[in-house]
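>>> From the sequence below, what's the structure:
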Amino acid sequence: MQISINKVSTKAVIPNRATEGSAGFDLHACIDTPVSITPGIRVLISTGIAIEIPNNYCGMVCSRSGLASKHGIFVLNAPGIIDSDYRGEIKVILCNFGKETVVIENGQRIAQLVIVPVATPELRLTTQVSETDRGTGGFGSTGL
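Take a look at the predicted model:
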């Protein structure tokens, strides 16, 4: 599979996989000036790229484990979903759940993009759904 990528900014960095076994492509900040993210604040960071995801696939924008574990920086709506028919610039919502201000620099790796297949079943309206052992047991019903 090949996916077309357009640099909507000349300073954009093309996503890459850090290792051969990496599932995600690193997304890089494409910003004019550093962005400070204070604790509890969310920011929208440009990547400077647009991509052409094939039909029956989507892009999932996920947090980078290093930023999350070391600084408390997460992709807020993780995973952010990029639909196959979206052709605009990819932007990433980052939120600081840590205790210290974190500065994002131009070119810094801020998230990862995983391309995954999407099932698109036909939904059928019914008056009830089938029974299971779990039934309607919700949050925490199977233990901690």
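>>> Sticking with the residue sitting nearest the centre point of the chain, tell me its helix or strand.
Nearest to the geometric centre of the chain sits residue 61, at 1.3 Å (C-alpha atoms, centre = their mean). Residue 61 belongs to strand 57-62 when assigned by DSSP states H and E.
>>> and that strand, what does it pack onto?
Contact here means 3 or more C-beta pairs under 8 Å, 6 or more residues apart in numbering; DSSP states H and E; on that basis strand 57-62 packs against strand 80-82, strand 109-117. Every residue, glycine included, has its C-beta placed from N, CA and C.
>>> Beyond it, next helix or strand please.
Counting by DSSP H and E, the element after strand 57-62 in chain order, helix or strand, is helix 65-71.
>>> just to revisit the earlier point, packed most tightly, which of the helices and strands packed on strand 57-62 would that be?
strand 109-117 (a mean of 19; mean count of other C-beta atoms under 10 Å).
>>> who touches that one?
Strand 109-117 is contacted from outside by 1, 3, 15, 22-29, 45, 47, 51, 53, 56-64, 67, 73, 75, 79, 82, 90, 92, 94, 104, using C-beta atoms under 8 Å, 6 or more residues apart in numbering.
>>> Partner strands of that strand and their direction?
Sheet neighbours of strand 109-117, with direction, are listed as strand 25-28 (antiparallel), strand 57-62 (antiparallel) (DSSP bridges).
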